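[1] Structure of the sequence below:
(one chain, ligands or ions: 3)
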Amino acid sequence: MVWAALFATFVPPQGLEFRDNHLINPNRLLIRYQDSVSPAGIAALNSQHGASLYKDLRQIHWEIVDVPRARVDAIRRSFLQDVRVLRADYDTARKCAYVPNDPLWNQQWDMRAIKTDTAWDLSLGSSAATVAIMDTGVMLNHPDLAANIWVNTGEIPGNGIDDDGNGYVDDVNGYDFAYNDPNPDDQYGHGTACAGLAAAVGDNAIGLSGVAPRAKIAAIKAARDDGYFYDSANVPAFLYCADMHIDVISMSFFSDQVTPAERDAVDYAWAHNVTLVAASGNSNSAFPYYPAAYDNVISVAATDGSNNKSWFSDFGTWVSVAAPGEGLTTTTNDGGYTGGFAGTSGACPHVAGLAALLKGANPSATNAQIRAAIEDGATTLIQNPYGQYTRYGLVNSQDSMQRVLGMRSGSKPAVLQFVEPVGGPQKLFFAPANSTGVLAGGLGFEKPNVCAATYNGKPIGISNQTRRSFTASVATDQTGTLAFSVNGQNIGAITFEKAIDTIYAPTDASTNGDGTPVLSGGFFQLYRADGSSLTCTARSGPEIYVELPIRKIKQKTFSRLEIEITRSYANSAGGTETVYLYDWSAWSYPYGPFNPIGTASITGSGTFTSNYVISSNPTRYLDPEGTIYAIVDATGVHNNSTISIDAFRVKIR
Ligand SMILES: [Ca+2]
Ligand SMILES: [Ca+2]
Ligand SMILES: [Ca+2]
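    Ligands and ions are numbered 1, 2, ... in the order given. Alright, predicted model coming up:
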C-alpha cells in the first residue's frame with residue numbers, strides 16, 4: 001500500500017498495529033478450534049504453529065494464544081491452513097466510543113457533521129502540533145483556550161529582549177503584527193471564535209472542544225482592531241509562522257488586493273512544510289478570492305446544517321473542500337461562548353483544526369500529505385445549482401485520519417482543469433514548434449494513477465507526474481488533437497489551431513455543447529444556473545447569469561484582447577445578452593466595476609458566434625494571478641430560457 005509506505009514512521013498508540021483498517025494487538029491471536037480438539041491437542045497445535053496458550057476458552061471452543069509480535073501474520077496464516085482450526089483472528093483493539101465531557105458538545109453539530117468524534121477514536125492529536133490563527137488576535141486567557149495556547153520556549157516573557165533572536169521581542173504566544181507589539185489580544189472577537197473551532201481544549205469539562213482538542217494555538221494577530229488586514233502585517237506573519245515551525249495557518253479572511261508579496265509569503269510557508277487553509281469568501285460567487293485561491297492554500301467553502309452549500313458561500317473548482325459555516329458554537333473574546341458564529345470564516349478553522357489534528361496524529365506527515373489526506377478524504381458533494389461547488393467535497397475527519405495513519409488510500413477521480421505549453425511561449429490551443437511539451441493541470445494525477453496522452457490518436461510520452469499536473473511531450477505547429485486520460489478514462493482534449501496567437505478558455509476542462517470533450521468550454525463554475533456544466537437555465541426570473549473565471553493566463557502584457565462566444569438559446573423569444581469583464585484598473589475585486597464589452601440580441605433558436613475586440617488598455621481585465629472574471633448575462637428572456645455555450649474563448653494578441 002503506497003500510503004502506508006509513505007507513513008512508515010508512524011507508530012500507532014500503545015504499541016498497537018494496523019491490520020485491515022483495524023488497530024490490533026500484535027502479540028495475540030484468537031483461535032477457534034474444531035469442537036473435537038482436546039486440551040492435549042491444543043498444546044500440540046500451538047507448539048506446531050509457534051504460539052503459546054494464554055487462555056483456553058473451552059466453553060466456546062476458542063483459545064487465546066501469545067505470539068511473537070514480528071510473526072503474528074505468519075502464525076495466523078499457518079493456523080488458518082490447519083484443518084483443526086476454523087478461524088484465526090487478530091486481537092483487535094477497540095476504544096470507548098469517544099464523547100468529550102465538554103458541556104456544549106451537544107450543540108456542536110458541526111463537529112459531528114465532519115466526523116471529528118470518530119476521528120478522535122483513532123487519535124486525539126498532540127500538543128506537538130500547532131495551528132496559527134492569523135486573525136484579529138486571540139483571547140489568550142479564555143478558560144477554554146488558555147491551556148492550548150502555544151508557548152515559544154525560546155522567549156523570556158516581558159523582559160523587552162528578543163531572547164530567541166527571531167526579530168520579535170517577547171513573542172511568547174505569537175505576535176501582534178498589526179500593531180507591532182508582543183500582545184496578540186483580540187478586541188474584535190473574530191480570531192477568538194476561529195481559535196475555539198480549531199483547537200478549544202477538549203475534555204476539560206468546560207465549554208466546547210475544537211477539532212484538534214490537544215493542538216497548540218499560536219495567536220498571530222494580523223488584523224487591526226477594526227478587522228482589516230494590512231499586507232504589511234500579513235506578509236511578515238506568514239514568514240514568522242514558517243520560520244517558527246508552526247504546522248498550520250488558519251486564514252479566515254480575504255484580501256481586497258491580490259498582493260504579489262503575499263503570494264510569495266504563502267509559497268514560502270508552503271515550502272517550509274506549513275499547511276495553509278483559507279476561507280473561500282461570502283459572496284455566493286464563482287470568482288476566486290485570495291488567499292484562498294492560491295495554489296498552495298486549501299480553500300474552504302461553507303455548509304449548512306443539512307450539509308448543503310451555505311447561501312453565502314463562494315464556490316467553484318478553485319475551492320478545495322467545504323466545512324460547516326452556520327450556527328457554530330465557539331469561544332468569544334469576553335471569556336464566554338456564542339452559538340451563532342457563521343460564515344466561511346467559521347468553515348475555515350474546522351479544516352485548519354483538522355490539519356493540526358492530523359499532524360498531531362502523525363508528526364512525520366508533510367503538508368502535502370496532510371493536504372492530500374484532507375482533500376481525498378472529503379465526501380463528494382455536488383449540489384445544483386452551483387455546478388462544481390467544491391473540488392473535493394465536505395470534510396470527513398475520520399476518513400482523513402485513516403489516510404494519515406496509513407489505513408486508507410486512493411484519490412478522487414481525475415479532472416483536467418487547464419492546459420498550457422511549457423518550454424516555449426505561453427500559448428494555448430496552438431503549440432509552437434519550440435515548446436517542449438504541454439502541461440495538463442488539474443487534480444487526481446498522482447501515482448499510482450496512470451496518466452497518458454495521445455496526439456492525433458497516437459500515444460505520446462508523459463513526464464513530471466504530480467498530484468496536480470503532468471507534462472505531455474508534444475511539440476508541433478500543426479493542427480491536431482491532444483487528448484488526455486487517467487487510468488484509461490478520457491479526461492479531456494485540446495485541438496491546436498494554426499495562425500491563432502493565444503487563446504484561453506474558462507479554466508476548467510469541460511465538454512462543449514455537442515458533447516465532445518474540448519477545452520473551449522469550462523463551465524463547471526455556474527452561477528444562478530441549473531443543471532449541467534454546459535447549459536444554464538433561468539431560475540427565478542427572466543435572466544440567465546453565468547460567471548466564468550478564466551484562470552492561469554501566463555502572458556501578462558498584450559495589446560489586444562478578444563472574447564469569442566458561441567452559444568444558442570432555447571425557450572427564448574427576444575432578450576439581450578451582455579458580456580462583462582471585471583475591470584481591475586478601478587478597484588480590486590469585488591469593489592470595482594464589471595464593464596460591458598459587447599451585447600447581442602437573442603433572436604431565437606440557432607447557434608451564433610460573437611467576437612468582441614478590446615484594444616484600449618486590455619490588460620486592465622487581467623488580475624495579478626492571471627485570471628479574467630467574465631459574466632454572460634441574458635436579460636429579457638423567459639423564466640425557463642436556456643443558454644448552451646459551446647465555446648467561450650479569450651484570445652490575446
Ligand atoms: Ca523573539
Ligand atoms: Ca523576551
Ligand atoms: Ca472545552
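[2] okay, now Arg567: neighbour count?
    23 (other CB atoms under 10 Å). For the C-beta atoms, the positions are set from N, CA and C on the backbone; glycine is no exception.
[3] There's contact between it and Thr607 in this structure, I believe.
    Yes: counting by CB atoms under 8 Å, Arg567 touches Thr607, with 6.8 Å between them.
[4] what residues are up against Thr619?
    Lys556, Thr557, Phe558 (CB atoms under 8 Å, 6 or more residues apart in numbering).
[5] Ranking by neighbours, what's the top pick from the residues you listed?
    Tallying neighbours with other CB under 10 Å puts Phe558 at the head of the contacts of Thr619, with 15 neighbours.
[6] and that one, how far is that from ligand 3?
    56 Å (CB to the ion, to the nearest Å).
[7] was I right about that residue contacting Asn617?
    No: using CB under 8 Å, Phe558 is not in contact with Asn617; the gap is 10.7 Å.
[8] tell me which parts of the protein are close to ligand 1?
    Glu155, Asp162, Asp164, Asn166, Tyr168, Asp171 (CB under 5 Å from the ion).
[9] Give me the subset of those residues that lies in strands.
    Per DSSP state E, strands hold no members of the residues of the chain next to ligand 1.
[10] so can I have JSON lines of those showing distance to ligand 2 and neighbour count?
    Output for the residues of the chain next to ligand 1, formatted as JSON lines (distance: CB to the ion, whole Å; neighbours: other CB atoms under 10 Å):
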{"residue": "Glu155", "distance to ligand 2": "5", "neighbour count": "21"}
{"residue": "Asp162", "distance to ligand 2": "6", "neighbour count": "16"}
{"residue": "Asp164", "distance to ligand 2": "8", "neighbour count": "14"}
{"residue": "Asn166", "distance to ligand 2": "11", "neighbour count": "15"}
{"residue": "Tyr168", "distance to ligand 2": "9", "neighbour count": "21"}
{"residue": "Asp171", "distance to ligand 2": "8", "neighbour count": "26"}
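[11] between the residues you listed, which is nearest Gly488?
    Asn166 (51.6 Å; CB to CB).
[12] Model confidence for the residue of the stretch 351-500 of the chain found nearest ligand 3, exactly?
    Closest to ligand 3 within the stretch 351-500 of the chain is Gly353: 13.2 Å, counting by CB to the ion. Gly353 is assigned a predicted lDDT (pLDDT) of 98.
[13] what do you get for the one 4 residues further on?
    Looking at Leu357, its pLDDT reads 98.
[14] Moving C-terminal from the longest helix seen in the chain, which element do we reach first?
    Of all segments of type helix in the chain, defined using DSSP state H, the longest is helix 344-361. The helix or strand immediately downstream of helix 344-361 is helix 367-377, counting by DSSP states H and E.
[15] residues touching the residue of the stretch 51-200 of the chain found nearest ligand 3, list them.
    Ligand 3 sits closest to Asp102 of the stretch 51-200 of the chain, with a gap of 3.9 Å, by CB to the ion. By CB under 8 Å, 6+ apart, the contact set of Asp102 is Asp144, Ala200, Gly202, Asp203, Asn204, Ala205, Ile206, Gly207, Leu208, Ser209.
[16] between those, which has the most around it?
    Ala200 leads the contacts of Asp102 on contacts (other CB under 10 Å) with 32 neighbours.
[17] what's the distance between that one and Thr330?
    7 Å (CB to CB, to the nearest Å).
[18] Now for the two: what residues contact both?
    Shared contacts of Ala200 and Thr330, defined by CB under 8 Å, 6+ apart, comprise Leu208.
[19] what ranges do the strands span in the stretch 301-450 of the chain?
    Using DSSP state E, counting those that start in this stretch, the strands of the stretch 301-450 of the chain run over 321-324, 328-331, 337-341, 393-394, 415-422, 437-443.
[20] List the strands paired with the last one, with their directions.
    Looking at strand 437-443 with DSSP bridges, its paired strands and their directions are strand 415-422 (antiparallel), strand 469-472 (antiparallel).
[21] Now do that strand and helix 367-377, the angle between them.
    If you take axes from the mean of the first three to the mean of the last three CA atoms, to 10 degrees, strand 437-443 sits at 60 degrees to helix 367-377.
[22] And the average pLDDT for the helix or strand following strand 437-443 is what?
    Later in the chain than strand 437-443, the nearest helix or strand by DSSP H and E is strand 451-455. In this model, strand 451-455 has a mean pLDDT of 93.
[23] partners of the next helix-or-strand element following strand 451-455 in the sheet?
    Counting by DSSP H and E, the next helix or strand C-terminal to strand 451-455 is strand 458-460. Neighbouring strands of strand 458-460 in its sheet, by DSSP bridges, are strand 451-455 (antiparallel).
[24] ok, and what's touching the partner strand?
    Counting contacts by CB under 8 Å, 6+ apart, the residues touching strand 451-455 from outside are 414, 440, 445, 459-460, 462, 465, 470, 472, 474, 476, 480-486, 488.
[25] Ser644 and Asn571 touch, don't they?
    No: with contact defined as CB under 8 Å, Ser644 and Asn571 do not form a contacting pair (11.3 Å).
[26] more neighbours, those two?
    Each of Ser644 and Asn571 has its neighbours counted (other CB under 10 Å); Ser644 has more, 19 against 14.
[27] Which helix or strand contains the more buried one?
    According to DSSP H and E, Ser644 maps onto strand 642-652.
[28] Now do the contacts for the residue lying closest to Ser299 once chain neighbours are set aside.
    In this structure, Ser299 finds its nearest non-sequential neighbour in Ala292, 3.5 Å apart by CB to CB, 6 or more residues apart in numbering. Residues in contact with Ala292 (CB under 8 Å, 6+ apart) are Met251, Phe254, Ala278, Ala279, Ser280, Gly281, Ser299, Val300, Asp314, Trp318, Val319.
[29] now that we have the residues you listed, which one has the most neighbours?
    Val300 (35 neighbours).
[30] Name the residues of stretch 60-78 that are buried.
    The neighbour-count check on stretch 60-78 (16 or more other CB atoms under 10 Å) flags Trp62, Glu63, Val65, Val67, Val72, Ile75, Arg76, Ser78 as buried.
[31] All set now, cheers.
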